[in-house]
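**Q** Predicted model and sequence below, questions to follow.
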Amino acid sequence: MAADGTYIPANVSKESWIETEAETELSMQSYLDSLDEELSKQPGFKKPPAKIMKKRRTTSKTDPDSGCINHGKKSGIGYLMEATVDCKHGIVTGIDVYCQ
């Protein structure tokens with residue numbers, strides 16, 4: 001087995017880059033919601049406040065699925081591609097593409 005990855009630039013111009021800010025909840029939300037639902041039946045239960053993290057991200061208006069990549073000496077808006085190969089038989093066993 002062998003694994004390798006590379007940077008794939010998105011087909012965007014620098015003029016289309018925008019800064020976005022997303023709020024990400026720091027929890028395993030579905031599991032915690034089910035626990036809170038069970039606990040809410042208990043007298044005196046108070047739901048804990050959600051932990052929220054604001055994350056800034058550079059992306060493109062023309063390709064919003066792409067992300068700002070800093071990979072080695074390469075940087076820009078694009079994707080990271082990773083592949084695994086069975087070297088003995090020459091078969092690609094997995095491919096993943098990430099936006100950041």
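**A** Great, that's in hand. Residues are numbered from 1 along each chain as shown.
**Q** got the phi/psi numbers for the residue of the chain most remote from its centre?
**A** Going by CA atoms, centre = their mean, the residue of the chain most distant from its centre is residue 43, 38.8 Å out. Main-chain dihedrals, residue 43, degrees, to the nearest 10: phi -70, psi 140.
**Q** Provide a list of residues in contact with it.
**A** By CB atoms under 8 Å, 6 or more residues apart in numbering, the contact set of residue 43 is empty. The way it works is simple: take the backbone N, C-alpha and C, and place the C-beta from them, glycine included.
**Q** Now do the buried residues in the lengthiest strand in the chain.
**A** Longest strand in the chain by number of residues (criterion: DSSP state E): strand 74-86. For strand 74-86, a neighbour-count test (16 or more other CB atoms under 10 Å) marks 76-80, 84-85 as buried.
**Q** Same check on stretch 34-50?
**A** Residues of stretch 34-50 classed as buried: none (neighbour count, 16+ other CB under 10 Å).
**Q** Likewise for stretch 8-18?
**A** 10, 12.
**Q** what's in contact with that stretch?
**A** For stretch 8-18, the external contacting residues (CB under 8 Å, 6+ apart) are 58-63, 66, 76-81, 97.
**Q** sorry, back to before: identify the farthest-apart pair in the buried residues of strand 74-86.
**A** Largest separation among those by CB to CB: 77 and 85, giving 27.5 Å.
**Q** Not counting its own residues, what contacts stretch 59-67?
**A** 10-13, 16-18, 20, 57-58, 68, 77-79, 98-100.
**Q** mind listing the strands for the chain?
**A** Using DSSP E, strands in the chain cover 2-9, 17-25, 52-60, 67-71, 74-86, 91-98.
**Q** In TSV, list those strands along with mean pLDDT and distance to residue 31.
**A** Shown next, in TSV, are the strands of the chain (pLDDT from 0 to 100; distance: least, CB to CB, whole Å):
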stretch	mean pLDDT	distance to residue 31
strand 2-9	88	31
strand 17-25	67	12
strand 52-60	69	17
strand 67-71	73	27
strand 74-86	86	28
strand 91-98	92	24
